[in-house]
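Novice: Kindly generate the corresponding structure for this input.
(one chain, ligands or ions: 1)
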Amino acid sequence: MKIIVKTLHGLEEVLMKEIEALGGQNIKIRKRAVECEGTLPFLYEANLMLRTALRILVPVYEFTAQNESQLYQNIKAFDWSKYLDVRQTFAIDNTVFSEYFTHSKYAALKMKDAIADQFREKFDMRPSVDVEKPDILFNLHAYQDKFTVSLDSSGRLLSQRGYRNPGHQAPLNEVMAAGLLLLSGWDKTIPLVDPMCGTGTIIIEAVLMALNVPPQINFNDFGFRNWNNFQPMMWNRIKSEAQGKIRSSPLMISGSDIDSNAVALAKSAFKKLRLGRDVQIKQASFEDLIPKSRTGMIITNPPYGERIGEDVEVLYKNLGDTFKNNFSGYDAWVLSSNVAALKQLHLKPTEKISLYNGPLEVQFCKYELYEGSKIEE
Ligand SMILES: C[S@@+](CC[C@H](N)C(=O)[O-])C[C@H]1O[C@@H](n2cnc3c(N)ncnc32)[C@H](O)[C@@H]1O
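Specialist: Residues are numbered from 1 along each chain as shown. Predicted coordinates:
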C-alpha cells in the first residue's frame with residue numbers, strides 16, 4: 001500500500017533514511033513528507049519506530065473537484081463503510097491549498113456532511129464526530145483541484161511522546177530534537193553535551209536513540225488499532241520484537257541548564273521513561289562546564305532573544321568563548337533563529353542547515369572546535 005509520512009521542513013532526508021532502514025519501498029521525498037510503499041507490518045513498525053515522523057497516512061481515495069458541489073458528490077460516491085463503522089466516531093484533519101477552496105475548514109465540513117448523509121441513507125443512522133479522540137481520523141488534502149483522502153494510521157501527532165512535563169517556555173519539538181541528532185551525524189557512542197538543555201528534549205531523544213528504545217514506547221493508542229483490518233497478534237509481535245532490541249549500553253550523555261526548574265523538568269521526564277540513570281543532568285551556567293573527555297559533540301538550542309527585553313548577543317559571545325576555551329576537540333551544533341546573535345559566537349560554521357522551529361526560520365550551524373578555531377569577523 002502507498003504510505004505518506006509527514007514530517008517537519010528540512011527533515012525529509014533523515015526521515016527517508018529512517019524509512020529505508022525499516023524496509024520501506026519506492027521511497028520518494030515530498031514537501032514536508034516522504035512517500036513510500038509498505039505492508040501492514042511495516043505500517044505498524046513505522047508508527048512505533050520512526051523518530052522524525054509526525055503522522056503516517058494511508059491514501060484511500062483521490063478525485064478532482066473545483067466547487068463544493070463536486071466535492072460533496074465525489075465524497076458521497078465513495079463507500080465509506082469500508083473504513084468506518086456507523087457506531088464509530090470520526091474526525092477530519094485538513095490541509096487544503098486551493099484557489100477553488102479558500103476556507104479549508106469548509107471543505108472538511110462538506111466532507112463530513114457527505115459521509116453523514118451517505119450513512120443516513122444507507123443505514124438510517126450516522127456515525128458521530130469526535131474531534132478530541134475519534135476512532136477513525138481522516139485526512140483531507142487538496143492541492144488546487146486534486147483531492148486525496150487518507151486514513152491517519154497514527155491518530156495523533158507522533159511528536160507527543162508522553163515524557164514531556166509542562167512548565168517551560170520554549171521546549172523543542174520532540175521530532176525536531178530527533179531530527180537534529182540525525183542531521184548532526186551523532187554516532188551514539190561519542191559523548192554528547194547539551195549545555196542549555198531546558199526540559200532535556202535533545203538528550204532524552206539521544207538516550208532513546210542510543211538504547212534503541214522505540215520513541216512511542218509508552219503509547220498504544222494508534223489510529224490503526226480502530227481499523228477493521230487491525231491484526232492484534234501482528235502488532236503485539238512487532239511491539240515485543242522492538243522491546244527485545246532495546247540495548248543497555250553505558251551512556252556518555254549530559255545536560256545542564258542555568259534554570260533549576262528546567263533541570264527538575266528534565267530529570268522528571270527521564271524518571272517517567274524509567275531511563276537514563278547514568279545521564280548527568282545538573283544546574284549550571286555553560287561558562288562553568290568542564291568537559292569530561294577530549295572529544296565529543298555539543299548540540300544545543302540557546303534562547304533566540306524573542307522575549308521582550310531579552311538581549312542574547314552577550315550570551316552568544318560568552319557561548320563562543322566557552323566553546324573555544326573549554327571544548328576544543330568537540331563539534332558544536334547550535335540551533336537559532338537569531339542570525340545576528342549567531343555571529344557573536346565569532347566562529348565560522350562548517351555546515352548550515354535551514355529548518356523551521358514552529359513558525360520561526362532557524363539555522364542549525366556546525367562549528368568544529370580546535371585550538372585557535374577560525375574566527376569569523
Ligand atoms: C530555548 S531553551 C532550550 C529548550 C530545550 N531545548 C528544551 O527542549 O526544553 C534555552 C535554555 O537556555 C537556558 N539558558 C540561558 N542562559 C543560560 C546559561 N548561561 N547557561 C545555561 N543555560 C542557559 C535557559 O534556561 C533555557 O532553558
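Novice: Next, the residue in the stretch 51-200 of the chain positioned nearest to the ligand: phi, psi?
Specialist: Here the residue of the stretch 51-200 of the chain nearest the ligand is Gly198; by CB to the nearest ligand atom that distance is 2.6 Å. Bear in mind the C-beta positions are built from the backbone N, C-alpha and C, glycine included. Torsion angles at Gly198 (phi, psi; degrees, to the nearest 10) stand at phi 50, psi -130.
Novice: Count the residues that sit near Pro359.
Specialist: 6 (other CB atoms under 10 Å).
Novice: Contact partners for the residue of the stretch 51-200 of the chain closest to the ligand?
Specialist: His168, Ala170, Pro171, Leu172, Asp257, Asp259, Ala262, Leu265, Ala266, Asn301 (CB atoms under 8 Å, 6 or more residues apart in numbering).
Novice: Count the residues that sit near the second one.
Specialist: Each residue near Ala170 was counted by other CB under 10 Å, and the total is 14.
Novice: Could you look up the SS state of it?
Specialist: With DSSP: H, G, I helix; E, B strand; the rest coil as the basis, the three-state label of Ala170 is coil.
Novice: Now a PyMOL select for only the buried ones of the contacts of Gly198.
Specialist: Per 16 or more other CB atoms under 10 Å, the buried members of the contacts of Gly198 correspond to this PyMOL selection:
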select buried, resi 168+171+172+257+262+265+266+301
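Novice: distance of the residue of the stretch 51-200 of the chain closest to the ligand from Asp259?
Specialist: In this view, Gly198 and Asp259 are 8 Å apart by CB to CB, to the nearest Å.
Novice: okay if I get the contacts of Gly198 as TSV plus distance to Tyr72 and pLDDT?
Specialist: Compiled in TSV, the contacts of Gly198 are given as follows (distance: CB to CB, whole Å; pLDDT from 0 to 100):
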residue	distance to Tyr72	pLDDT
His168	45	81
Ala170	43	85
Pro171	41	91
Leu172	41	95
Asp257	53	97
Asp259	53	96
Ala262	50	95
Leu265	48	95
Ala266	50	95
Asn301	46	96
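Novice: Relative to Phe90, which of the contacts of Gly198 is nearest.
Specialist: Checking those against Phe90 with CB to CB, the nearest one is Pro171 at 31.1 Å.
Novice: which ones are touching the most centrally placed residue in the chain?
Specialist: Centroid-nearest residue in the chain: Val175, 2.3 Å away (criterion: CA atoms, centre = their mean). Contact partners of Val175, counting by CB under 8 Å, 6+ apart, are Thr7, Leu8, Leu11, Arg51, Thr52, Ala53, Leu54, Leu158, Ser159.
Novice: Among those residues, which one has the most neighbours?
Specialist: Neighbour counts for these (other CB under 10 Å) peak at Thr52, which has 31 neighbours.
Novice: Could you check the pLDDT of that one?
Specialist: Here, the pLDDT recorded for Thr52 equals 98.
Novice: Close to the ligand: what parts of the stretch 101-250 of the chain are there?
Specialist: His168, Ala170, Pro171, Leu172, Pro195, Met196, Cys197, Gly198, Thr199, Thr201, Ile202 (CB under 6 Å from any ligand atom).
Novice: would Ile238 count as being in a strand?
Specialist: No: going by three-state DSSP, the assignment for Ile238 is helix, not a strand.
Novice: So it is in contact with Asn47, correct?
Specialist: No: counting by CB atoms under 8 Å, Ile238 does not reach Asn47; the two are 9.4 Å apart.
Novice: all strands of the stretch 201-350 of the chain, in order?
Specialist: Along the stretch 201-350 of the chain, the stretches classed as strands by DSSP state E, counting those that start in this stretch are 253-257, 280-283, 296-300, 330-336.
Novice: can I get those strands in CSV with distance to Phe224?
Specialist: Listed next are those as CSV, based on distance: least, CB to CB, whole Å:
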stretch, distance to Phe224
strand 253-257, 32
strand 280-283, 35
strand 296-300, 33
strand 330-336, 33
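Novice: quick one: which of those is nearest Ala108?
Specialist: Going by CB to CB, the one of these nearest Ala108 is strand 330-336, 33.7 Å.
Novice: Looking at the contacts of Val175, which is nearest Glu371?
Specialist: Leu11 (34.0 Å).
Novice: Which pLDDT does the model give the closest one?
Specialist: For Leu11, the predicted pLDDT is 98.
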